[in-house]
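Colleague: only the shape, not the letters, is given here:
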Ligand code: B12
Ligand code: SF4
């Protein structure tokens with residue numbers, strides 16, 4: 001297998017904004033997106049501004065982004081980090097007006113229309129994006145993109161109105177690769193004191209079920225991950241060492 005050089009591959013910057021607390025939250029979403037992209041086609045770099053405590057306005061961050069010179073910038077956002085996310089997207093466009101900007105994550109999924117009202121966002125994803133982000137990139141760099149192919153995508157149609165594609169809900173979790181922990185700088189998180197409900201120093205979260213059958217009004221989980229089938233899947237992994245199993249429901253957190 002030959003991996004093309006950086007100059008031949010399209011460059012994708014995935015950004016985790018400042019605001020997440022690195023003591024107990026890490027960029028799981030971006031780890032999943034990266035591991036599920038084709039490394040032969042895409043040169044994907046994670047910029048973790050939360051771990052490094054870089055605001056969008058920091059010179060170090062904008063220099064790094066300029067040096068990488070991405071074709072696509074994707075940012076993951078929950079509500080408390082949305083203002084920072086918007087500023088990152090604006091910065092990316094100011095560095096290169098041709099860059100394609102994409103948002104995803106809980107806040108953006110729930111408020112996709114309000115987010116797309118900010119014209120600096122070219123596209124947003126609603127719900128899961130593990131496999132559909134790769135489909136999106138393939139379409140983006142094709143001669144005639146067909147956005148219908150991209151589950152979860154919200155985009156501006158020819159008439160300027162927003163089009164909301166059906167969301168991605170993978171029935172077979174085995175089709176999704178485990179997150180790229182080294183790209184997420186798991187070691188850097190451990191050094192910074194990352195723990196999630198454990199005293200174990202070296203630990204990592206892993207998503208093993210998706211969806212929730214309940215509908216608590218304050219919670220975005222059912223909207224993001226749907227309602228599980230009659231026989232929900234629990235994906236079991238081997239050989240990973242110390243993992244914390246997580247579901248998209250609030251109730252299942254188990255340590256192995
Ligand atoms: C596990 C979890 C946590 C863990 C941390 C998880 C982690 N990543 O390290 C803990 C328990 C620590 C936690 C803490 C908090 N959480 Co929480 N958490 C969750 C939960 C259950 C799953 C999140 C998760 O990691 N999923 C796995 C990853 C892989 O999925 P994902 O992030 O959604 O990413 C996928 C897609 O969204 C998409 N995507 C995401 N980003 C991008 C970017 C691009 C470019 C693209 C294309 C796609 C894309 O693709 C990814 C892969 O499919 C969700 C509920 C849910 N079902 O989502 C709530 C949820 C995200 N949490 C929420 C909140 C509010 C918090 C807190 C702020 C609560 C608080 N007040 O303290 C804190 C964070 C505090 C801080 N300052 O950092 C809210 C966010 C609501 C919102 N509107 O933003 C949620 C949605 C629950 C709810 N109440 O509705 N949380
Ligand atoms: S994940 Fe938890 S809080 Fe959210 S709807 Fe399900 S049971 Fe309610």
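Modeller: Nice, I can see it. Bear in mind the structure is a predicted one, so any value in this text is a computation, not a measurement. Numbers count the residues shown, from 1 in each chain. Ligands and ions are numbered 1, 2, ... in the order given.

Colleague: name the nearest residue to residue 26, sequence neighbours excluded.
Modeller: Once flanking residues are discounted, residue 26 sits nearest to residue 189: 5.2 Å by C-beta to C-beta, 6 or more residues apart in numbering. Yep, even glycine has a C-beta here, placed from its N, CA and C like the rest.

Colleague: what's the average pLDDT for the stretch of helix or strand that neighbour belongs to?
Modeller: Here residue 189, judged by DSSP states H and E, is contained in helix 186-191. Average pLDDT, helix 186-191: 95.

Colleague: chain center to the next helix or strand after that helix, what's the gap?
Modeller: Using DSSP H and E, the helix or strand that directly follows helix 186-191 along the chain is strand 204-209. From the chain centre to the centre of strand 204-209 is a distance of 15 Å (C-alpha atoms, centre = their mean, to the nearest Å).

Colleague: which strands or helices does strand 204-209 pack on?
Modeller: helix 28-35, strand 243-247 (3 or more C-beta pairs under 8 Å, 6 or more residues apart in numbering; DSSP states H and E).

Colleague: angle of that strand against helix 28-35?
Modeller: Strand 204-209 runs at 80 degrees relative to helix 28-35, counting by axes from the mean of the first three to the mean of the last three C-alpha atoms, to 10 degrees.

Colleague: and the helix or strand following strand 204-209, anywhere near ligand 1?
Modeller: The helix or strand immediately downstream of strand 204-209 is helix 221-225, counting by DSSP H and E. Yes: on the criterion C-beta under 6 Å from any ligand atom, helix 221-225 is in touch with ligand 1 at 221, 224, 225.

Colleague: wait, doesn't residue 132 sit right on residue 147?
Modeller: No: contact criterion C-beta atoms under 8 Å: residue 132 and residue 147 do not qualify, at 11.0 Å.

Colleague: quickly list what's touching both of the two.
Modeller: residue 153 (C-beta atoms under 8 Å, 6 or more residues apart in numbering).

Colleague: compare these two (neighbour count), which wins?
Modeller: Between residue 132 and residue 147, counting by other C-beta atoms under 10 Å, residue 132 is the more crowded of the two (23 against 17).

Colleague: list the contacts of the residue in the stretch 51-200 of the chain positioned nearest to ligand 2.
Modeller: Residue nearest to ligand 2 within the stretch 51-200 of the chain: residue 106 (11.4 Å; C-beta to the nearest ligand atom). For residue 106, the contacting residues are 77, 78, 79, 220, 224, by C-beta under 8 Å, 6+ apart.

Colleague: tell me the most packed of those residues, by neighbour count.
Modeller: Going by other C-beta under 10 Å, residue 77 tops these with 29 neighbours.

Colleague: gap between the residue lying closest to residue 169 once chain neighbours are set aside and ligand 2?
Modeller: Closest residue in space to residue 169, ignoring its immediate chain neighbours: residue 226 at 4.9 Å, by C-beta to C-beta, 6+ apart. Distance of residue 226 to ligand 2, given as C-beta to the nearest ligand atom, to the nearest Å: 11 Å.

Colleague: so how far is residue 171 from residue 226?
Modeller: Per C-beta to C-beta, to the nearest Å, residue 226 is found 10 Å from residue 171.
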